[in-house]
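1. okay, here's the prediction I keep looking at, along with the sequence it came from:
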Amino acid sequence: MLRSVSPDADAGAGRAARTAVAPLSCRGLVVGYRDRRVLSHLDLEIQARCFTAIVGPNGSGKSTLLRALAGLAAAQGGEIRLHGRALSAWSRRERARRLAWLAQSAAASDLTAAEVVGLGRFAHSGWLAHRRREDDVAVHRAMTATGSLAWGPRRLSTLSGGERQRVYLARVLAVEAPVLLLDEPTTHLDPPYQEDILRLLRQEAHEAGVCVLAAIHDLSLALTADRLIVLGADGLIGHGTVREALTGDWLSAAFRTRVEIVDHDGVHLWRPALEG
Amino acid sequence: MTAVGTSVDALAPRLRDSRGSTRLWILLGGWLALTLLLTAASLLVGTSTLETSLGWLTSSDTHAAVILWDIRLPRTVGAFFAGALLGLAGAVAQGLFRNPLAEPYLLGTASGAALGVTLSLIAADASIGEIAWVGKLGITGAACLGACAAMLLTITLARGVLQTPGLLLAGVVIAFLLSSLNALLVLSRPEIWRALQMFLLGSTGFLSWPAVLLLAIVFAIAIVPAVSLSRGLDALTLGEDTALSMGLSLPLLRLGLLGIVALATAAAVGQVGVVGFVGLVAPHLVRESVAVNHRQLLIGAPLCGGTLLQLADLLSRWIIRPAELPVGAVTACVGGVYLVVLLWRRSRDA
């Protein structure tokens, strides 16, 4: 099994190397459902100021890893540390302020878009929902960043799938957590919006110093990240920079078929092989 | 940062659904006015004719005063609070189980209350004529206790409040078990059948001022925590995992909300019997007229439920006057028709 490699001179990853404690890490992590073990003995250090993408075939445990790191799937073994402290040692609210999780799919509700984003402030303001100015500022900023501000007063149930996804993403951003765990943040989005969201996540990582970890289905999109966590059917293939992943051909190993990546002016694209 | 801060105030109206909330307040005002109108109207409806009732309003006859102020007024005010409790319990249950078909009785409370009544009838060994007036307090208490016991059984069977599907399933199982037990008891003592039937159909005929006071107090106790937990219900609409990830304590929220459902349902069932459909329909009526968050829903649904039961009570006295129908039969008819209309509208829109 490959271990985390020290980052090379890539912009985001290089800065992360100077951070003393990784904001999120796991050691010997084992997660499974009943008799099926999905992840076993996983060691990872997720870097700050870095946009890390998780890629791998269906059923390789991308969502499970994110759920485990968010404290939603109970670990059967090993430990997870958030800012150097065991995940379970944090109080519920304190943890929720530092770690925000985006579900792969969420139910539509009768709430307005602004109310949904406002729920992102729950860990800060609590049950009684006394509206504070800083909550309004955070909601406003998150909705502006995701381009969802115009739908503020609209019911979530009246929005399209892509519009809803941007509202959910705004909900996560409104938490203003130093660690973001996102399960397929670009689903349902049109290509230009996928681009917007990726740019936004990169900004959050590089400029705001957030630790962004996202499971991304689309290989070309995933390759725009700073670092990759590549999962195969039998566990971790590798965790490192995109260049390391390409040099080591981790993707072919993960998908058990030749995955061809082309370099288009410095942008890595997955090229479907239709000839064979 | 400051630039964003200043523009927030300018854009704040854009973030809030001001049109929706105006509509909601108009609707609430309308229901409140309807409630007052129904209260006044129900003073005039009973076994006496309309003219006689109108005459009573101005007469100084003590007999008339008793009928108006100690029989008809508590009956309609009590119907309002019982309906409000059912509306509240229904709205909370639908939010908690994230199921639009959830209703106050889904945790086996109705069957538990019925069994409690049967047991108290057998214990009192009273004839039907006496039940109505003498055994009232006993029946009320037994129904309340039966409802609470059924809910505890359900929670025990589901091994706590953690699994929503488990709770629903356990509620169904307990309801069936208690109903069959009840049926066996009634088969062996056929003489209690009529009194039990009266209770199962629901009746507002026995409401007195102490009962109204009790209902009002329970309503006040239930609505305050319900509204303060409404943000948790809002969070739950995004899914249980998302709610958990936001720092919400789900077991605590569930326990609190189940407690509110239990308290409200047991109190209402104890006083007016198993009145169906009010708890199911009231939250839908609110949501159909104006989409709402849970704070608005938990204020609107009780008002709507109270008005509905008052209306049903009035109709039950009016339709075959001077005799009356069981109020539960009226709510079932009205509610059933409404649900059919709702389903039809949904399928047409889809």
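-> Cool, the structure landed. Numbering: from 1, shown residues only, chains lettered A, B, ... in the order given.
2. helix/strand/coil for the residue of the stretch 1-150 of chain A at minimum distance from chain B?
-> As assessed by C-beta to the nearest C-beta, chain B sits closest to A:A96 within the stretch 1-150 of chain A, at 2.9 Å. Bear in mind the C-beta positions are built from the backbone N, C-alpha and C, glycine included. Of the three states, A:A96 takes helix under DSSP: H, G, I helix; E, B strand; the rest coil.
3. how about the closest residue to it other than its chain neighbours, phi and psi?
-> In space, and not counting its chain neighbours, A:A96 is closest to B:G247: 2.9 Å by C-beta to C-beta, 6 or more residues apart in numbering or on different chains. Dihedral pair for B:G247: phi 90, psi 10, per degrees, to the nearest 10.
4. wait, isn't B:G247 in contact with A:R93?
-> Yes - at 4.4 Å, B:G247 counts as touching A:R93 under the criterion of C-beta atoms under 8 Å.
5. so between those two, which is more surrounded?
-> The neighbour count for B:G247 versus A:R93, taken as other C-beta atoms under 10 Å in any protein chain shown, is higher for B:G247 (21 against 16).
6. residues contacting the residue in the stretch 151-300 of chain B that chain A sits nearest to?
-> When scored by C-beta to the nearest C-beta, the stretch 151-300 of chain B has B:G247 as its residue closest to chain A, at 2.9 Å. If you count contacts by C-beta atoms under 8 Å, 6 or more residues apart in numbering or on different chains, B:G247 has them with A:R92, A:R93, A:R95, A:A96, A:R97, A:F122, A:A123.
7. most widely separated two among those?
-> Within the contacts of B:G247, A:R95 and A:F122 form the most distant pair, 12.5 Å apart (C-beta to C-beta).
8. neighbour count winner among the two?
-> Between A:R95 and A:F122, A:F122 has the larger neighbour count (other C-beta under 10 Å), namely 25 against 21.
9. pretty sure that one is in contact with B:M246, am I right?
-> Yes - between A:F122 and B:M246 there is a contact under C-beta under 8 Å: 4.7 Å.
10. buried ones in stretch B:224-244, by neighbour count?
-> Of all the residues in stretch B:224-244, those buried under the rule 16 or more other C-beta atoms under 10 Å in any protein chain shown are B:226-227, B:229-244.
11. filter those residues by proximity to chain A?
-> By C-beta under 8 Å from any C-beta of the partner chain, the members of the buried residues of stretch B:224-244 lying near chain A are B:L229, B:R231, B:G232, B:D234, B:A235, B:T237, B:L238, B:G239, B:D241, B:T242, B:L244.
12. surely the second one touches B:R295?
-> Meaning B:R231. Yes - using C-beta under 8 Å, B:R231 is in contact with B:R295, at 7.4 Å.
13. helix, strand or coil: sort out A:R81 for me.
-> Three-state call for A:R81 (three-state DSSP): strand.
14. from B:H284, how far out is it?
-> Distance of A:R81 to B:H284, given as C-beta to C-beta, to the nearest Å: 47 Å.
15. which one of those two has more residues nearby?
-> B:H284 (20 against 17).
16. how about residue 203, phi and psi?
-> Here I'm looking at chain A. The phi and psi values for A:Q203, taken as degrees, to the nearest 10, are phi -60, psi -50.
17. neighbours of the closest residue to chain A within the stretch 51-200 of chain B, how many?
-> Across the stretch 51-200 of chain B, no residue is closer to chain A than B:R98, which sits at 7.2 Å (C-beta to the nearest C-beta). B:R98 has 16 neighbouring residues, counting by other C-beta under 10 Å.
18. which residue is the nearest non-sequential neighbour of it?
-> Per C-beta to C-beta, 6+ apart, closest to B:R98 is B:L236, 6.3 Å.
19. and the pLDDT for that neighbour?
-> For B:L236, the pLDDT comes out at 91.
20. what does the one 10 residues further on give?
-> pLDDT, the model's per-residue confidence, is 93 for B:M246.
21. so it makes contact with A:G120?
-> Yes - using C-beta under 8 Å, B:M246 is in contact with A:G120, at 7.3 Å.
22. who touches both of those two?
-> In contact with both B:M246 and A:G120: A:V175, using C-beta under 8 Å, 6+ apart.
23. quick one: the strands in the stretch 201-350 of chain B?
-> For the stretch 201-350 of chain B, applying DSSP state E, counting those that start in this stretch gives no strands.
24. enumerate the residues of it near chain A.
-> Going by C-beta under 8 Å from any C-beta, the residues of the stretch 201-350 of chain B near chain A are B:228-229, B:231-232, B:234-235, B:237-239, B:241-242, B:244-249, B:287, B:291-293.
25. where does chain A dip in pLDDT?
-> A:1-20, A:128-130, A:276 (pLDDT under 70).
26. spatially central residue for it, please.
-> A:A214 (2.3 Å; C-alpha atoms, centre = their mean).
27. tell me the secondary structure at A:V212.
-> With three-state DSSP as the basis, A:V212 sits in strand.
28. my guess is it meets A:A205, correct?
-> Yes - counting by C-beta under 8 Å, A:V212 touches A:A205, with 4.7 Å between them.
29. more crowded one of these two?
-> Neighbour count, other C-beta under 10 Å: between A:V212 and A:A205, A:V212 has more, with 28 against 25.
30. got the contact list for the more buried one?
-> Contacts of A:V212 by C-beta under 8 Å, 6+ apart are A:C50, A:F51, A:T52, A:L180, A:L182, A:L201, A:E204, A:A205.
31. where's it relative to A:F51, distance?
-> Separation of A:V212 from A:F51 (C-beta to C-beta) stands at 5 Å.
32. residues that sit against both of those two, list them.
-> Common contacts of A:V212 and A:F51 (C-beta under 8 Å, 6+ apart): A:L201, A:E204, A:A205.
33. before we move on, the earlier item: the closest residue in space to the residue nearest to the centre of chain A that isn't next to it in sequence in helix, strand or coil?
-> The shortest distance from A:A214 to any non-neighbouring residue, by C-beta to C-beta, 6+ apart, is to A:L182 (4.0 Å). The local conformation at A:L182, judged by three-state DSSP, is strand.
34. mind listing what A:L182 touches?
-> A:L66, A:W101, A:L102, A:L169, A:V172, A:L201, A:V212, A:L213, A:A214, A:A215.
35. got any residues that touch both of A:V212 and A:A205?
-> A:C50, A:F51.
36. sorry, back to before: may I have the beta-bridge partners of the residue nearest to A:A214?
-> A:L182 forms beta bridges with A:L102, A:A214, as assigned by DSSP bridges.
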